[in-house]
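[1] curious how this folds, go ahead:
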Amino acid sequence: MPPDEIIRRFSANEDAMLHARSGYSFRKTIRVQELDDKGQVTGEFQIIADDAPGPDGKPYETVVKHPPSTMMVMNMVGEDADVLNRMPLFPLTTSQTPKYDIKYIGMQKLDELTTYIFEVKPKQVERTRALFDGVVWVDSADFAIVKTTGKWITELGEVSSPQFPFTTFDSLRENVSPKQWFPSYIRSDASVPLKNSNLHVRLTVLWQEYKPATSAPANPAGASPDHRP
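    Coordinates of the predicted model:
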């Protein structure tokens, strides 16, 4: 199949899955860990939230667990994780693919899947919107993106912050229903310079318990409109 046709199909699937996911409820866990030289966790920051659409069609997020941070070095607060908002979970929709140079690399087995591999680079960076720079794996049966590895960049450089130093993200998707692949896992590792050494920190984001949403109050108690990914 010509690469242009594969791109057309997976971008159309990005449109469909972006729309379909808005009809699901799910649980999201954001976790940042400080690790010692042996890879053992020495401190942790965590937020767990439930997301569900209301009758107005808008998604609402309710934080169900946000224990006190046990991090020894970094002083993270919930707003620091808002950097994730700038990273679209479905970056290669039909409206976005014209912004990229997309190059076919080859095919690869990914667990039980046979996938097409594409290198993706922005044609021109933007100031306000982060664009993806990396590699995507596309399932050869469903023509759905199932894995991405790369960075998010703007005119100002890589998307990150001093309290959120992560730049390169490995992302996986889960087959939640026939031909629907939704985000399930992100991981990123970073090194924070200290006075005499470097601190290893790790980010993981999990999306779990995908379920077709039932009707819910337009603004459930304790919930706020969800602008996060």
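[2] sec struct for the spatially most central residue of the chain, please.
    In the chain, the residue lying closest to the centroid (C-alpha atoms, centre = their mean) is residue 89, at 4.9 Å. Secondary structure, DSSP: H, G, I helix; E, B strand; the rest coil: residue 89 is coil.
[3] what does residue 16 give?
    Relying on three-state DSSP, one would call residue 16 helix.
[4] the spatially most distant residue from the centre of the chain in helix, strand or coil?
    Distance from the C-alpha centroid of the chain, by C-alpha atoms, centre = their mean, peaks at residue 196 (32.7 Å). Counting by three-state DSSP, the backbone at residue 196 sits in coil.
[5] can you list the buried residues in stretch 170-189?
    Within stretch 170-189, the residues that count as buried by 16 or more other C-beta atoms under 10 Å are 171-173, 176, 180-184, 186, 188-189. No exception for glycine: its C-beta is placed from N, CA and C like everyone else's.
[6] strands along this protein, start to end?
    Ranges of strands in the chain, per DSSP state E, are 24-35, 41-53, 59-65, 100-110, 113-122, 131-139, 145-154, 157-158, 168-177, 180-193, 198-212, 224-225.
[7] what residues does the fifth one touch?
    For strand 113-122, contacts defined as C-beta atoms under 8 Å, 6 or more residues apart in numbering pick out 3, 6-7, 92, 99-109, 131-141, 146-147, 150, 153.
[8] rerun that using 7 Å as the cut-off
    Contact partners of strand 113-122, identified using C-beta atoms under 7 Å, 6 or more residues apart in numbering, comprise 6, 99-108, 131-140, 146, 153.
[9] return the distance of it from the chain's centre.
    Centroid separation for strand 113-122 versus its chain: 17 Å, with C-alpha atoms, centre = their mean, to the nearest Å.
[10] restrict it to CA atoms and write it as PDB.
    Extracted as PDB, the C-alpha positions of strand 113-122 are listed here (Å, rounded to 0.1, in the frame of the first residue of the first chain):
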ATOM      1  CA  LEU A 113       1.100  -6.600  15.900                       C
ATOM      2  CA  THR A 114       2.600  -5.900  12.500                       C
ATOM      3  CA  THR A 115       3.200  -2.200  12.200                       C
ATOM      4  CA  TYR A 116       4.200   0.500   9.700                       C
ATOM      5  CA  ILE A 117       6.800   3.000  11.000                       C
ATOM      6  CA  PHE A 118       6.800   6.700  10.100                       C
ATOM      7  CA  GLU A 119       9.100   9.500  11.000                       C
ATOM      8  CA  VAL A 120       7.200  12.700  11.800                       C
ATOM      9  CA  LYS A 121       8.700  16.200  11.700                       C
ATOM     10  CA  PRO A 122       7.000  19.600  11.800                       C
END
